[in-house]
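Asks: Here is a sequence with its predicted model. Questions after.
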Amino acid sequence: MEADGPEVRAYIAALVRMGAPEVPGPPALAVPAGTAAEVTAVTRRLALRALPDRQRRPEPTPRLLAVARGLVVDVHPCAPGWTVAERERLAGWVAVLIEHRGEDGVQELVRELCREPGREGPGRDGPGREIDGD
């Protein structure tokens, strides 16, 4: 079989159609359950706070969208229940956060998602930059 031959492509396509098996154990992203809207709201707030003052409308870098999906969106324990549109919206905000804060931004996001509801702390319901739309 050639490495890039039709048999290999057919085999890989079959594997993709099968989907990834569920693996027992803790989720890859150890955060509590949440709706896509809740997770997106937290991510958006952190991403907007990370933007330089001169940037009014954030646009995710296309190459970071795959990173955002792989590191955060697809490994969230509730992601299988979200729509494709919800996952893509979240991936866009995660990509903006990664672009401006890197791994520190992802770690801050995990900390924020793990906070107890209603508990105030740095960055929780504090002043932030707002833009029109999302």
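Replies: Everything's here; your move. Bear in mind that the values here come from a model prediction, so they are computed numbers and not experimental data. Numbering: from 1, shown residues only.
Asks: For this structure, give me the ranges with low pLDDT.
Replies: Low-confidence segments of the chain (pLDDT under 70): 1-5, 12-13, 15-17, 19-27, 55-56, 116-134.
Asks: List the neighbours of stretch 98-116 that are in contact with it.
Replies: Contacts with stretch 98-116, where a contact means CB atoms under 8 Å, 6 or more residues apart in numbering, come from 29-32, 34, 39, 42-43, 46-47, 50-52, 60-61, 64, 67-68, 71-72, 94, 97, 121, 123-124. Where you see a C-beta, it was placed from the backbone N, CA and C, and this is true even at glycine.
Asks: in it, what counts as buried?
Replies: Residues of stretch 98-116 classed as buried: 98-101, 105-106, 108-109, 112-113 (neighbour count, 16 or more other CB atoms under 10 Å).
Asks: Max pairwise distance over the residues you listed: which two?
Replies: Farthest pair in the buried residues of stretch 98-116 (CB to CB) is Glu99 and Leu113. Separation: 19.4 Å.
Asks: related to what we said a few turns ago, can you tell me which of the buried residues of stretch 98-116 end up in helices?
Replies: 98-101, 105-106, 108-109, 112-113 (DSSP state H).
Asks: tally of neighbours for Asp53?
Replies: Residues lying near Asp53 (other CB atoms under 10 Å) number 6.
Asks: Leu51 now?
Replies: So Leu51, with other CB under 10 Å, has 18 neighbours.
Asks: That one touches Pro58, doesn't it?
Replies: Yes: using CB atoms under 8 Å, Leu51 is in contact with Pro58, at 5.8 Å.
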